[in-house]
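Undergrad: Got a predicted model here, sequence first, then my questions.
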Amino acid sequence: MNRNAFLDTKFITGAFCLGIMLFAAVAGSIFNPYQPGVQELLDSLDPPSLTSGHLLGTDHLGRDIFARVAAGARVSLLIATSVVLISGVAGMLVGAMSGYLGGLRDVVIQKIVETFWAFPPILLAIAVLAFFGQSLANLILALVLQRWIPYCRVARAEALVLRSKDFVAAARIMGGGTGWILRHHILPNLWSSSIVIATFSMATAILAEASLSFLGLGVPPEIPTWGGMLAEGRSYVTEAWWIAVFPGLSIFLTVLGLNLLGDWLHDAYDPKKDLNLR
């Protein structure tokens, strides 16, 4: 990756969109005097204003929208980051072992992958949350159950190629065991593609969390989330548009920023670019 890559429009726009949400997540707890769960019924449905103190207005219970959007940003980013880390590590390990070992073990692992892949993601997440109950840990588990599969499939494909390389054969001849070769030769060569997948996976995890929260199946209701705010604001769209617009805009900016950064990373790590095959 050269220095000019950071001047790309995708990187600048994506970093700007994501930076706005990161700033809001931090500023909401430092500079805003209002708490996301405090109700002030006398101030209910106040429109956005610079003079009233409620920068983005209040909802039907008088809760500050900016404080709730910022709290929702922290929840969404926490969930997305946790999902990406857990699914990424699990998917890379399983995929690398499957591709490197091959044979019957590869077939068994891929059948398990196909079994998980057969279920619609949202329905599987709803089933998990309905069975185990609503909590942050259960929501992360529900989102991880399928999001490790893209890592696994890409890692397997790359491991199938890497195991035939000369440096891997040399490591085997010198007495390197399976675990040592995976740690030192296979897994380090999977990071670039996994980072690209992780960026897109964060975007889909945020959308999935917002969808489940909108349906009332995400985290507990007392925790502010963008999806929950959208669900609350749909009844007040005509008289208090800001209740639903600002969390919806937050989802849009975050997902847009992550997708643009994912496209930029894909272009930056594309081997065809270095070979002038485009």
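TA: Nice, I can see it. Only a predicted model underlies this, so the values are computations on that prediction, with no experimental measurement involved.
Undergrad: Look at the closest residue to residue 8 other than its chain neighbours and say how many residues are nearby.
TA: Distance criterion CB to CB, 6 or more residues apart in numbering; nearest residue to residue 8, sequence neighbours excluded, is residue 264 at 5.7 Å. (Glycine included, C-beta is placed from N, CA and C.) Using other CB atoms under 10 Å, the number of residues around residue 264 comes to 23.
Undergrad: how about whatever helix or strand residue 264 lives in: buried residues?
TA: Residue 264 belongs to helix 242-268 when assigned by DSSP states H and E. For helix 242-268, burial by neighbour count (16 or more other CB atoms under 10 Å) applies to 242-248, 250-251, 253-255, 257-268.
Undergrad: Now do it: distance to the chain's middle.
TA: Chain-centre distance of helix 242-268: 11 Å, with CA atoms, centre = their mean, to the nearest Å.
Undergrad: now stretch 89-108
TA: That offset, for stretch 89-108, works out to 24 Å (CA atoms, centre = their mean).
Undergrad: in that stretch, what's buried?
TA: For stretch 89-108, by 16+ other CB under 10 Å, it's 90, 91, 92, 93, 94, 95, 96, 97, 98, 99, 100, 106.
Undergrad: Equivalent analysis for stretch 33-48, please.
TA: 34, 36, 43, 46, 48.
Undergrad: Test my guess that the first one contacts residue 56.
TA: Translated: residue 34. No. Contact status for residue 34 versus residue 56: not in contact, 10.5 Å apart, counting by CB atoms under 8 Å.
Undergrad: so what sits against both of these two?
TA: 64, 66 (CB atoms under 8 Å, 6 or more residues apart in numbering).
Undergrad: so what's residue 259 closest to, chain neighbours aside?
TA: residue 203 (5.4 Å).
Undergrad: Spit out the contact partners of that neighbour.
TA: 80, 254, 255, 258, 259, 262.
Undergrad: Number of residues surrounding the first one?
TA: Applying other CB under 10 Å, we find 24 residues neighbouring residue 80.
Undergrad: What is the longest helix anywhere in the chain packed up against?
TA: The helix spanning the most residues in the chain, taking DSSP state H as the definition, is helix 65-101. Under the contact definition 3 or more CB pairs under 8 Å, 6 or more residues apart in numbering; DSSP states H and E, helix 65-101 sits against helix 9-30, helix 103-117, helix 136-147, helix 149-162, helix 178-181, helix 191-214, helix 226-233, helix 242-268.
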